[in-house]
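> need a 3D model of the following:
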Amino acid sequence: MSLWRIVLKSLRQHWLSTALAIFSIALGVALLTSVVSLREQSHRNFTQEGLGVDAVLGPKGSPLQIVLNALYHLEEMPGKVKWPYYKKVLESPVVAEGIPFATGHSYAGLRVNAIDDRFFTDFEYLPGKHFSFSEADGGKGRVFQSRNEAVAGWAAARELGLQLGNTFNPVCGVNAGDPVHVNDTLTFVGIMAPTGTPHDRAIYIPLKTFYTLEGHGKDVAEMALDEEHREISGAYLKIKRIRGGAMHPGIQELKYNINQSSSAQLVIPNEVLPQLFNIIGWVDHVLLAIAALVTLLATLFLFTALVSALQERRRDIALLRSLGARRQTVFGLILSESLVITLLGGVMGLALGHAIVALGGHFVKVETGLRFSAAYLSQADIYLLPAMLILGTLAGLLPAIQAYRLSVLKNIHPVS
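Model prediction:
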């Protein structure tokens with residue numbers, strides 16, 4: 001009988017402890033794999049999204065809150081920016097262009113943002129990439145052209161089952177129970193092609209429509225024509241480039257001057273987003289610690305199971321030795337069992353970990369629009385399985401040594 005047939009027969013005989021050991025290892029590996037994968041993809045998604053916007057002109061308040069509202073359609077803007085000040089910022093020699101927007105409305109739980117129509121042609125959601133309505137790219141229709149028209153992001157249209165020609169009434173606010181603009185019915189004329197960014201989860205209406213929605217009052221309605229009193233939530237700014245494609249170094253001086261004023265502040269997303277990871281970073285560390293602890297306990301359980309099985313199989317091993325099996329064969333038998341259990345647990349854990357990423361990524365995408373791929377290969381996928389095989393070797397080493405030293409004469413007799 002070959003060594004591997006003996007190993008498989010032994011695992012079947014002790015199927016309960018084997019199954020529990022495999023499950024324990026799989027659970028630890030799955031937790032480690034999913035936590036590392038979600039963490040790496042989160043960093044990549046947030047950093048990548050920030051690259052699409054050089055700077056955001058926003059009101060005084062939390063810079064992180066401004067970035068979350070402007071780029072991820074979360075939170076609320078802490079105030080407004082005067083239109084004349086926005087136009088003044090555009091006169092800076094380091095600013096190439098600006099796209100103003102107004103937030104604060106919603107529909108069916110999705111944000112409705114009023115924005116300049118240049119957003120769909122001049123804005124780069126990622127470097128060199130513009131929004132598309134082409135059917136070849138997965139879009140439909142066109143950009144809005146009149147007051148009562150709107151376009152929807154790909155994910156928003158899919159979630160609501162929208163078709164061109166559908167209508168809706170925006171909600172004046174982003175919370176449940178906020179009043180609805182019942183007399184303002186807008187028609188969807190376009191669905192944007194998917195971009196893989198949070199912009200897929202928003203609905204967009206013309207900027208001037210924001211001011212003329214019924215219920216905003218006469219003062220707000222006058223802002224549509226009176227630029228001196230017009231207000232916006234903020235603006236995406238494109239900064240001029242210098243040699244090598246780097247942002248103009250004058251951006252820091254512009255940022256200082258704006259932030260020293262009482263009118264607004266300039267936020268550079270790639271400077272602010274690391275704050276988010278500093279805030280939630282402790283969660284990553286806790287989850288990694290828990291996953292590592294589960295994996296360590298699984299390894300200890302495997303060690304205990306092998307030692308227990310060895311005690312039950314002392315006579316079987318003694319018989320093998322008496323039939324001519326060498327000490328090295330017995331040593332390899334126990335060590336092989338440990339490695340097989342570890343390998344099965346590791347492979348199952350990797351599969352389960354990717355399943356957790358797929359499930360968790362779905363809920364994250366629903367809330368933020370960020371995409372998480374179950375097929376993403378993280379550092380855990382590269383290093384975890386070899387590391388587990390090393391742990392499996394260590395767990396089986398002591399029982400293998402005990403089997404190696406087992407006395408044939410003392411253990412050949414039947415156990416009473």
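> not counting sequence-adjacent ones, nearest residue to Glu227?
Spatial nearest neighbour of Glu227, excluding adjacent residues (CB to CB, 6 or more residues apart in numbering): Trp83 at 5.2 Å. Any C-beta I mention is one placed from the backbone N, CA and C, and that applies to glycine too.
> relative to Gly98, how far out is the one you found?
11 Å (CB to CB, to the nearest Å).
> comparing the two, which residue is more hemmed in?
Neighbours per residue, other CB atoms under 10 Å: of Trp83 and Gly98, the larger number sits with Gly98, 23 against 18.
> need phi/psi at the more buried one.
The phi and psi values for Gly98, taken as degrees, to the nearest 10, are phi -140, psi 150.
> can you pull up the bridge partners for it?
Gly98 has the following beta-bridge partners by DSSP bridges: Leu237.
> would you list every one of the helices in the stretch 201-350 of the chain?
207-212, 218-222, 250-260, 269-312, 314-322, 327-368 (DSSP state H, counting those that start in this stretch).
> that should have said the stretch 51-200 of the chain, apologies.
For the stretch 51-200 of the chain, helices defined by DSSP H, counting those that start in this stretch occupy the ranges 63-72, 83-90, 154-160.
> can you put those in JSON lines and add distance to Leu288?
Listed next are the helices of the stretch 51-200 of the chain as JSON lines, based on distance: least, CB to CB, whole Å:
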{"stretch": "helix 63-72", "distance to Leu288": "24"}
{"stretch": "helix 83-90", "distance to Leu288": "43"}
{"stretch": "helix 154-160", "distance to Leu288": "30"}
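> just name the most buried of the ones you listed.
Ranked by mean neighbour count, these are led by helix 63-72 with a mean of 22 (mean count of other CB atoms under 10 Å).
> could you give the angle of that helix to helix 327-368?
Helix 63-72 runs at 90 degrees relative to helix 327-368, counting by axes from the mean of the first three to the mean of the last three CA atoms, to 10 degrees.
> distance from the chain centre to helix 63-72, please.
With CA atoms, centre = their mean, to the nearest Å as the basis, helix 63-72 stands 17 Å off its chain's centre.
> now for it, which elements pack on it?
helix 15-51, strand 55-58, strand 95-107, strand 234-239, strand 265-267, helix 269-312 (3 or more CB pairs under 8 Å, 6 or more residues apart in numbering; DSSP states H and E).
> pLDDT averaged over the last one - what is it?
This means helix 269-312. The average of the pLDDT scores along helix 269-312 is 73.
> likewise for the third one?
Averaging pLDDT along strand 95-107 gives 94.
> and that strand, what does it pack against?
Going by 3+ CB pairs under 8 Å, 6+ apart, strand 95-107 lies up against helix 63-72, helix 83-90, strand 110-115, helix 207-212, strand 231-232, strand 234-239.
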